[in-house]
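Novice: just a sequence and a predicted model for now, questions to come.
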Number of protein chains: 2
Amino acid sequence: MNVLLLAPDFEISEGWLREMMVAAPGARIVGEGEVPDDAIEVVIVDNPPPGRLGRLLKLRLIISLSAGVDALLSDPDLPDVPIVRLVNAEMKALMREYVVYQVIRLHRGSGDIEQLHREGRWEWLPAAVPASNRRVSVLGLGRLGQTCAEALRDLGFQVFGWSRDLKKLPQIQCFSGIDGLSAMLAQTDILVCLLPLTPFTNQLLSADIFSRLPVGASIINAGRGGCLNEGDLIRALDSGQLSHATLDVFTIEPLPTDHPLWHHPKVTITPHTAAYPPPESFVTPIALNLQKLARGEFFH
Amino acid sequence: MNVLLLAPDFEISEGWLREMMVAAPGARIVGEGEVPDDAIEVVIVDNPPPGRLGRLLKLRLIISLSAGVDALLSDPDLPDVPIVRLVNAEMKALMREYVVYQVIRLHRGSGDIEQLHREGRWEWLPAAVPASNRRVSVLGLGRLGQTCAEALRDLGFQVFGWSRDLKKLPQIQCFSGIDGLSAMLAQTDILVCLLPLTPFTNQLLSADIFSRLPVGASIINAGRGGCLNEGDLIRALDSGQLSHATLDVFTIEPLPTDHPLWHHPKVTITPHTAAYPPPESFVTPIALNLQKLARGEFFH
């Protein structure tokens, strides 16, 4: 079975190919142009160019290395085959670390403390706000959002969560729907966005949402750049409605060098680093899905 | 009962005094000089000047606001009365946040990512090392060390712990004794020190200990400044034996402005901020201890 690897950012090595060969002996991993399009049964992708998959006429399965499948789903020529979104344990752990780190950074004012250090200044700081007085809300309670919400809860924060369909999570107050969203925002100090990009979430984080947060709230976006209206964000930061934004994802990546977000004093930028696990961590989940396909266990 | 508050850094307010009055109606909180020394039965301290407590001839109880009681214990004139070390839930949560934040910072190279941002540079970074491949060891498994070790374990790190007496903690490999210390250090990527300052731990983190760590290991000291030999640390960083040190505590605080640690490129300095909870969080634990004293439940 030919498996086309169509993921330019996915750095594979000889070792990775050997590991895949052992884990899925019936599969042959090929690169672009190595075999004719109609000999490809599976494609492993990370945001492929629109239209590309439509030319794979014998395609039976799409495996997405990215948790975000918006680019795939918006392709009008997408073949009508099952899509598997690989969210492995490593990706969950990485996203959890990213979110926990950035929430504590805002909660404890670590950016300011690090600035004191760069200036060589010692300052006795006032007592910290206990985590139990800090309200953190997670937008999106898929596998990534859920593990982040649970980790924050375990660290002692007051955690709320919002998802399209109402979830139930121990000691996390869950909301859904538009009314639920408003109710949650009104009691949020730090808003963490882990939403997928869909017609509903496109530009969801905009002036209206920011105005429903308490004055001085902060946001963290580690979901999709398209979920956030960057112009509205800058206005909300400038007006003081929001006190800080920590962004890992952007409408255009890399973020253009002249973009006003780069040097905004209330913005922290990370270059889409939140949850990019090493290639080895995908060997087993890919192999398991290929075996499932071989056993005819994918229905569509 | 007169309770002398001898803690210059402890910012109390009218509100705090009112809360204490409600929680412990029989106690009168007094400041230095308000009543004669021989009318003081309880003292609430945070590193009092040596010799001061020896003059309180009717003293029955010492309540320490600091988890570190080394300054108290090294006072030759210390009255022979019970000492209660207040480690409340807020202090545990704060230390846990500090340690989790600093461990993730080292693990994910967040300092370098933040530097990229300051330079306005976007860089696609290589895949992150999974937490399951990162070995974090906690020196000291008291109430603070234990909560930190557990939180790191829950985030997916490989966690080891060392204490004077062997502890048992689920999914944390525990060590004790000198041999145990060597065995643990040999497999440590990030060493977190939460030890109290005692004759054994004084200057414990020195050249010998650093040489037992794998080349390139990092350390975090949030215990006591006296546990670390600062000269040896700088030499170990300069030789490459250690790759980074994150320090919250120092031999002399504030760290003198001309101290070489300030501008060492491999050092992160925080001004003793790890776990300083708000005064309100001490009201209940102080009141409970005063009630215990009134009921005659302290034996010595």
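Specialist: Great, that's in hand.
Novice: up against chain B, what does the stretch 151-300 of chain A have?
Specialist: Those residues of the stretch 151-300 of chain A that sit near chain B, judged by Cβ under 8 Å from any Cβ of the partner chain, are A:151, A:154-156, A:253-255, A:257, A:262-263, A:268-273, A:276-279, A:281. All C-beta spots, glycine's among them, are computed from the backbone N, C-alpha and C.
Novice: just the buried ones among those, please.
Specialist: Those of these that meet the buried threshold are A:151, A:154-156, A:255, A:262, A:268-273, A:276-279, A:281, by 16 or more other Cβ atoms under 10 Å in any protein chain shown.
Novice: what parts of the stretch 1-150 of chain A come near chain B?
Specialist: Checking the stretch 1-150 of chain A against chain B by Cβ under 8 Å from any Cβ, the hits are A:9, A:11, A:89-90, A:93-94, A:96-98, A:100-101, A:104-105, A:107-108, A:110-111, A:113-114, A:116-117, A:120, A:122-132.
Novice: quick one: the strands in chain A?
Specialist: A:2-6, A:28-30, A:40-45, A:61-64, A:83-85, A:135-139, A:158-163, A:173-176, A:190-193, A:217-221, A:242-247, A:267-269 (DSSP state E).
Novice: and the first one, what does it pack onto?
Specialist: Helices and strands touching strand A:2-6, by 3 or more Cβ pairs under 8 Å, 6 or more residues apart in numbering or on different chains; DSSP states H and E, are strand A:28-30, strand A:40-45.
Novice: point out the most buried one among those.
Specialist: Of all the helices and strands packed on strand A:2-6, strand A:40-45 carries the top mean neighbour count, a mean of 22, counting by mean count of other Cβ atoms under 10 Å in any protein chain shown.
Novice: what is that strand packed up against?
Specialist: In terms of contacts (3+ Cβ pairs under 8 Å, 6+ apart), strand A:40-45 is packed against strand A:2-6, strand A:61-64, helix A:283-294.
Novice: hmm, back to that, closest to residue B:69 out of the strands of chain A?
Specialist: Residue B:69 lies closest to strand A:158-163 among these, at 32.1 Å (Cβ to Cβ).
Novice: pull the closest one out as PDB, backbone CA atoms only.
Specialist: C-alpha atoms of strand A:158-163 as PDB (Å, rounded to 0.1, in the frame of the first residue of the first chain):
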ATOM      1  CA  GLN A 158     -10.800  28.000  39.200                       C
ATOM      2  CA  VAL A 159     -11.400  26.400  35.800                       C
ATOM      3  CA  PHE A 160     -14.300  26.900  33.400                       C
ATOM      4  CA  GLY A 161     -14.700  25.300  30.000                       C
ATOM      5  CA  TRP A 162     -16.800  25.900  26.900                       C
ATOM      6  CA  SER A 163     -17.600  23.500  24.100                       C
END
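Novice: so where is chain A shaky, pLDDT-wise?
Specialist: For chain A, the stretches flagged by pLDDT under 70 are A:299-300.
Novice: turn the strands of chain A into CSV, columns for distance to residue B:221.
Specialist: Shown next, in CSV, are those (distance: least, Cβ to Cβ, whole Å):
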stretch, distance to residue B:221
strand A:2-6, 45
strand A:28-30, 47
strand A:40-45, 45
strand A:61-64, 43
strand A:83-85, 42
strand A:135-139, 28
strand A:158-163, 30
strand A:173-176, 37
strand A:190-193, 28
strand A:217-221, 29
strand A:242-247, 27
strand A:267-269, 26
